[in-house]
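K.L.:
this one's structure only:
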């Protein structure tokens with residue numbers, strides 16, 4: 001019911017906003033569940049003169065506790081439309097899939113296969129339903145917090161699919177699996193979040209297979225083809241700035257070109273929205289670059 005009400009409210013925003021948000025759902029065979037998603041379509045998408053036009057696409061992944069509508073409910077839509085009207089970004093689709101607390105990966109026990117769903121089912125579905133340029137150069141992924149982790153992991157593990165990746169305050173944990181196991185044994189809320197995805201105790205091999213920092217080390221040659229942009233707040237409540245610094249150091253050691261900024265701020269909505277514009281500008285510019 002809540003999703004229906006929100007979609008109705010989104011549809012009632014004045015036409016001056018230009019773009020259109022299409023919220024829908026997909027019955028996933030991989031997950032054996034219904035997955036909700038939203039797509040932000042640029043203003044010209046529905047114009048008869050553009051019916052043969054195909055667009056780049058940014059898959060933008062939400063954080064823990066958020067959903068596919070969070071980007072648009074918190075003011076992101078207006079910010080993105082303002083950037084378009086000011087000609088700071090070009091026209092591309094922004095797709096926000098629902099992911100719950102999956103971290104956008106397959107779970108260690110194999111019961112939840114979100115990564116398989118996203119790569120093998122969701123992306124082909126979206127790029128078949130909407131007028132999207134089905135090309136690595138015009139396909140990018142970004143995200144916030146848990147979604148930042150997911151975006152980095154998708155791009156670093158599958159650089160043949162994506163040309164660019166961004167992350168705001170990615171959920172990069174510097175603790176070892178052994179330290180996290182101790183946290184789980186204490187009954188902390190973090191342990192309850194991690195256990196269904198990474199195992200209890202944590203499956204170390206699975207953890208490393210999905211860790212963006214580890215992937216930057218093991219997949220460095222292919223990752224060098226990516227345009228990479230990530231930021232974090234200096235006072236992140238979850239200490240994710242430590243993980244961001246670790247990733248920055250690893251990429252530097254591997255001589256992988258990237259852009260990293262540590263800004264004043266915490267792990268809140270105001271920080272994310274305050275820097276969403278530069279993230280969107282990064283992606284718009286990366287779509288205009290020659291293929292790498």
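P.N.:
It's in. Values in this document were obtained by computation on a predicted structure and should not be read as measured data.

K.L.:
now the strands: where do they sit in the stretch 1-150 of the chain?
P.N.:
20-28, 33-41, 57-61, 93-97, 139-144 (DSSP state E, counting those that start in this stretch).

K.L.:
now the ones you listed in JSON lines, with mean neighbour count and distance to residue 232?
P.N.:
C-betas here are computed from N, CA, C, even on glycine. JSON lines is the format used below for the strands of the stretch 1-150 of the chain (neighbours: other CB atoms under 10 Å; distance: least, CB to CB, whole Å):
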{"stretch": "strand 20-28", "mean neighbour count": "16", "distance to residue 232": "28"}
{"stretch": "strand 33-41", "mean neighbour count": "19", "distance to residue 232": "25"}
{"stretch": "strand 57-61", "mean neighbour count": "27", "distance to residue 232": "16"}
{"stretch": "strand 93-97", "mean neighbour count": "24", "distance to residue 232": "21"}
{"stretch": "strand 139-144", "mean neighbour count": "28", "distance to residue 232": "11"}
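
K.L.:
I'd like the ones you listed as a markdown table, with distance to residue 87 appended.
P.N.:
Formatted as a markdown table, those follow (distance: least, CB to CB, whole Å):
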| stretch | distance to residue 87 |
| --- | --- |
| strand 20-28 | 19 |
| strand 33-41 | 17 |
| strand 57-61 | 18 |
| strand 93-97 | 17 |
| strand 139-144 | 20 |
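
K.L.:
just put those strands in JSON lines and tack on distance to residue 240 and mean pLDDT.
P.N.:
Rendered in JSON lines, the data for the strands of the stretch 1-150 of the chain read as follows (distance: least, CB to CB, whole Å; pLDDT from 0 to 100):
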{"stretch": "strand 20-28", "distance to residue 240": "29", "mean pLDDT": "97"}
{"stretch": "strand 33-41", "distance to residue 240": "25", "mean pLDDT": "98"}
{"stretch": "strand 57-61", "distance to residue 240": "15", "mean pLDDT": "98"}
{"stretch": "strand 93-97", "distance to residue 240": "21", "mean pLDDT": "98"}
{"stretch": "strand 139-144", "distance to residue 240": "11", "mean pLDDT": "98"}
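
K.L.:
in which helix or strand does the residue nearest to residue 76 when sequence neighbours are not counted reside?
P.N.:
Excluding its sequence neighbours, the residue lying closest to residue 76 (CB to CB, 6 or more residues apart in numbering) is residue 276, at 5.9 Å. Secondary structure from DSSP states H and E places residue 276 in helix 269-287.
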